[in-house]
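> What follows is a predicted protein model with its sequence.
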Amino acid sequence: MRTIRFTAFICIVLFAIAAQAHGQAAPGVFADANHPSGAPDPQKLDDIWRVDAITGQVSINIPFDTTPEGGRGPKIPFRLIYNSGSTITLQESGNVILPGLGTTISNTAQLQWGPPNPPGGSYASPAGPWTTSGPYLNFTDSQMPNNTNPLTGTILQYGCTVYGPYLYTDEDGVSHDMNLEFSPDASQNSNQIPPCVSAANATATYGNGYYTTDGSAMLTVSTTGGTLGNQGPLVTYPDGTQYYLSGAYSGLLEDPNGNTTTITINSGGTTSVTDSLSRTAFSTTVPVDKSGTIPVGTYQVTTSGESGSNEQYGITFSRVSIGTFSMPHPTNSEVVTNSYCYASGCPTGYNVSVAPAGTQFSALQSISRPDGTTYTFHYDNPYGTISEIDFPTGGSVKFAWTVRASGSAPYGSPLFDAVSDIVVTDVWLSDGSANEDHWTYNLAQYSANAAPSSTVTAPDGTETKYTGQCLVYSVVSLYFSGSKANCKEASRSIYNGNSQLIKTVAQNFYANGLPYQFATTLYDGSQPIQQLIQYDRDTWGNVTIERESDYYTCGTSCPDPTKGTITPGSGWLRQTYTSFAYTTNSTLANKHIVNKPSQVAVEDGSGNPYAVTNYAYDNNGNLQTESKCLSPSGTGATATCPTTAPIWQTHYTYDSYGQVQSKTDAYSTSAVPTE
């Protein structure tokens, strides 16, 4: 489930005279837990609504049917996306005036509760709680002032302008940190503040390379300008598809065969998407790539039906009011004082300004569909979070909310000292009849010494206890608090109505959020039995080895896969070894076509080869031959198909656009069958 939550924390960036406070980044600045598009998660499901049992947040993903399905070019759907973690946050109010020559001393940092886009300011990235799918690009820039001696006025360290983070929101609406930052003037002086030094030139990155670090395997590109526009491909997907910006109001996706889908935003604000055959997938007046929230107003989405006729959706955004409520907030002991706080200029107190009751923000009210049915949305007072969705089918889902007690930042998320959330407590689901199914959510207080956890009680009285693992995909050096952690489900324990444990499912993760080890344990027999799966992955997250066990007994208790690597008691039932074509094909590697397997070899529990399938591609990554060996030899990754062994082979030919022209199946030797 998508990881989304409120936080109450601050880490102030302070300099000797006056500094723009960047410690509390605005909602949506990072591709993190409170970005309205949701945390990057390659395992995410595509439900209309979802509750994250670890964070207690709600995400909503409303798809709009876009046709035609056929034709050439990448597919770009349209979605409206909601994230409850982007509704109300604790924000640093702006400038902190520090001691200086002839300056009034003020050592109090001002914090305030406020909806997205508070009066007097706007954010460069979508602030939520509603936004659209992409593809589009956002970035922020920050002015870092000189560090000046308050008594003499002497410049101790020079400041600069830093661009970053850069965020790419893909066509499914998932936001990815592009792992790039730089400063165009960071090298003008030899003595500069550390954030400028870290962004000293256009090739500086704050990660390990030019690629997203969230498991999506997207290759990114840096540039020497203040934006990434008009600089060639900006993002390359692992299948070689590239995203370009082509002018101030348009962009496109291009697959390796040269087929393009173009996104055009005209001067009137209408966005249209057309494929390589100049067919319109959809057009909409909803602001796409909108900085901040979608304004109050009435909008349309137009798609093409199967017959080619237009199908019209109506969308209404209205004002939603919040009430007065209080949440835990940082105190002196909870705030990290960073190393750039200058002497007596460090703040000594923290005030909180509460948003007045009746403060409003814009939120989705209704969607009318071409068939005459309607979605309607309701919001909670005082929190402003989603309280009810009425579905076109006549059913509904309702949510109740509360303030989660403040606590230390959760285990595995060391960048923040204090966290407070508005979280779900209850969910009622109805199919339109008089009866409702009721779930309750009990989320434990955050702790620095324990993983985040919760207990969910289902309508039948069964309980599921969840624990999470928190991952930080990237840290921009400018923002000392960095991006928020994304806390994913690590384990669930299921109990029956008699509080008896019957099943556990647990996994742990690589640093990019992809699973490493997955175990299912059953407790409904005379003793526990466990089934285990382990994954080895390459640089791009591809599974190179998958190990699977049968169910095996493990005494009175089974090992916890979240605590370390497990060796199954009965050994492995099956191991699958996958090699990828980019490792031996430089053309594919140069095009970043890195997800195409060249060989898949399966061996049984005794190490005997069971099946070997080989794949060959053209230079655009189109599959040319698939050869299934019927008598493989060797073991593991070194398994081969002898030249005289019989094979079942499928051979494909393509036109210049990468569309299949012929498919030939044959029982043969290793030679390519003739047509």
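Arrived safely.
> okay, CA-based contacts and neighbour counts for the rest of this
Will do.
> Report pLDDT for Tyr442.
One correction, residue 442 is Asn, not Tyr. On the pLDDT scale, Asn442 is placed at 96.
> Looks like it contacts Glu463 (just checking).
No - if you go by CA atoms under 8 Å, Asn442 and Glu463 don't touch, sitting 10.6 Å apart.
> what residues are shared contacts of these two?
Both Asn442 and Glu463 are in contact with 455-456, where contact means CA atoms under 8 Å, 6 or more residues apart in numbering.
> Give me the more crowded residue out of the two.
Neighbours per residue, other CA atoms under 10 Å: of Asn442 and Glu463, the larger number sits with Glu463, 24 against 19.
> Report the contact partners of the more buried one.
Taking CA under 8 Å, 6+ apart, we find Glu463 in contact with 455-457, 494-497, 499.
> Return a ChimeraX selection command for the buried portion of these.
Selection of buried members from these for ChimeraX, criterion 16 or more other CA atoms under 10 Å:
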select :455,456,457,494,495
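> Where is pLDDT lowest across the contacts of Glu463?
Within the contacts of Glu463, Gly497 has the lowest pLDDT, namely 87.
> Next, give phi and psi for it.
In this entry, Gly497 is assigned phi and psi values of phi -60, psi -10 (degrees, to the nearest 10).
> Now do Gln57, the pLDDT please.
pLDDT, read off for Gln57, is 89.
> typo on my end, it should be Gly634
For Gly634, pLDDT reads 88.
> so what secondary structure elements neighbour the helix or strand harbouring Arg319?
According to DSSP states H and E, Arg319 maps onto strand 310-321. When contacts are defined as 3 or more CA pairs under 8 Å, 6 or more residues apart in numbering; DSSP states H and E, strand 310-321 packs onto strand 297-304, strand 360-368.
> Mind jotting down where the helices sit in this protein?
With helices called from DSSP state H, the chain shows them at 194-198, 586-590.
> worst average pLDDT in the ones you listed?
helix 194-198 (a mean of 71).
> from what I can see Lys398 touches Leu429, true?
Yes - because the distance of 6.6 Å satisfies CA under 8 Å, Lys398 is recorded as touching Leu429.
> now Pro597, nearest residue through space, not along the chain?
Closest residue to Pro597 apart from its sequence neighbours, by CA to CA, 6 or more residues apart in numbering: Phe580 at 4.1 Å.
> roughly how far is stretch 140-153 from the heart of the chain?
Taking CA atoms, centre = their mean, to the nearest Å, one finds the center of stretch 140-153 at 34 Å from the center of the full chain.
> what's the spacing between Cys196 and Tyr210?
Per CA to CA, to the nearest Å, Cys196 is found 19 Å from Tyr210.
> Compare neighbour counts for those two and give me the winner.
Neighbour comparison, Cys196 and Tyr210: the larger count goes to Cys196, with 25 against 19 (by other CA under 10 Å).
> My read is that that one contacts Gly164, right?
No - using CA under 8 Å, Cys196 is not in contact with Gly164, being 11.7 Å away.
> Can you get me a residue count around Phe182?
29.
> Check it and give its pLDDT.
73.
> Any chance of a markdown table for the contacts of Glu463, columns distance to Gly525?
Output for the contacts of Glu463, formatted as a markdown table (distance: CA to CA, whole Å):
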| residue | distance to Gly525 |
| --- | --- |
| Thr455 | 24 |
| Val456 | 24 |
| Thr457 | 23 |
| Ile494 | 15 |
| Tyr495 | 14 |
| Asn496 | 14 |
| Gly497 | 17 |
| Ser499 | 16 |
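> of the contacts of Glu463, closest to Thr264?
Val456 (44.5 Å; CA to CA).
> Who are the contact partners of that closest one?
53, 439-442, 463-466.
> could these go into a markdown table alongside distance to Thr260?
Shown next, in a markdown table, are the contacts of Val456 (distance: CA to CA, whole Å):
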| residue | distance to Thr260 |
| --- | --- |
| Ala53 | 39 |
| Trp439 | 45 |
| Thr440 | 47 |
| Tyr441 | 45 |
| Asn442 | 48 |
| Glu463 | 49 |
| Thr464 | 46 |
| Lys465 | 46 |
| Tyr466 | 43 |
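> Alright, that wraps it up for me.
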